[in-house]
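**Q** this is the structure alone, sequence omitted:
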């Protein structure tokens, strides 16, 4: 093999190493945002487990608020299903949009339930209800923190896959865009319910 052949071979090896490096970086970034979603999933499951406890503790007091309790239970069920779909495909646009929408509905239903608590002083003073509310508030903070971590990881991944020359390798190997987990509820639903004790 002549010197020209060695140069061509060296260029091919350098190109292959460069392409492999970009591919591996994209895989690492994709795995990072999938792991970040797993952290959200853990907190959402904790949240979903707490909601039936809150509803059960409130049932005895809220005999005239059956519709409110049922809306919370239905919203929780829809959110659990949406979270399972999103967990199977983190970053996939339809799954993320479905989860954000279901979480918005659940947040609104929980807000209405907590607002109803205002009319029931005995319920507000119930230790079980207070404990579940405290755990729920703590979990909400953890969900928000995990969501921020996920969205940050998605931004890094999307930026890398869209910039040259990484976009060439991303296109060749079907690295698709990941969607941020955004809140879809209205400004009214986003307001934290004011609960006075």
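**A** Yep, that arrived. A quick note: this is a predicted structure, and the numbers were derived from the prediction, not measured.
**Q** where in the chain is pLDDT low?
**A** Applying pLDDT under 70 to the chain flags the ranges 184-197.
**Q** thinking residue 142 is in contact with residue 41, fair?
**A** No: here residue 142 lies out of contact with residue 41, judged by C-beta atoms under 8 Å, at a distance of 11.8 Å. All C-beta atoms are positioned from the backbone trio N, CA, C, and that covers glycine.
**Q** what's the biggest helix by length in the chain packed up against?
**A** Looking across the chain with DSSP state H, the single longest helix is helix 3-59. Contacts defined by 3 or more C-beta pairs under 8 Å, 6 or more residues apart in numbering; DSSP states H and E place helix 3-59 against helix 66-88, helix 93-117, helix 127-162, helix 166-172.
**Q** reformat those as CSV; add distance to residue 10.
**A** As requested, those are arranged in CSV below (distance: least, C-beta to C-beta, whole Å):
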stretch, distance to residue 10
helix 66-88, 44
helix 93-117, 42
helix 127-162, 27
helix 166-172, 20
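**Q** so which of these is the most surrounded?
**A** helix 93-117 (a mean of 20; mean count of other C-beta atoms under 10 Å).
**Q** off-centre distance for that helix?
**A** Distance of helix 93-117 from the chain centroid (C-alpha atoms, centre = their mean, to the nearest Å) equals 12 Å.
**Q** buried set for the helix or strand following that helix?
**A** Once the chain leaves helix 93-117, the next helix or strand it forms, by DSSP states H and E, is helix 121-125. Neighbour counts using 16 or more other C-beta atoms under 10 Å place 123, 124 of helix 121-125 among the buried residues.
**Q** tell me what helix 121-125 is packed against?
**A** Secondary elements touching helix 121-125 (3+ C-beta pairs under 8 Å, 6+ apart): none.
**Q** run the chain-centre distance for it.
**A** Relative to its parent chain, helix 121-125 has a centroid offset of 32 Å by C-alpha atoms, centre = their mean.
**Q** just stretch 75-93 next, same as before
**A** Averaging C-alpha positions (C-alpha atoms, centre = their mean) puts stretch 75-93 9 Å from its chain's average.
**Q** with stretch 151-165 instead?
**A** Centroid displacement of stretch 151-165 relative to its chain, using C-alpha atoms, centre = their mean, is 18 Å.
**Q** ditto for stretch 114-124
**A** On C-alpha atoms, centre = their mean, the centre of stretch 114-124 falls 30 Å from that of its chain.
**Q** what does stretch 140-154 give?
**A** Centroid separation for stretch 140-154 versus its chain: 7 Å, with C-alpha atoms, centre = their mean.
**Q** I'd like to check what contacts it. Which residues are they?
**A** 29, 32-33, 35-37, 39-40, 42-44, 46-47, 90-91, 178-181 (C-beta atoms under 8 Å, 6 or more residues apart in numbering).
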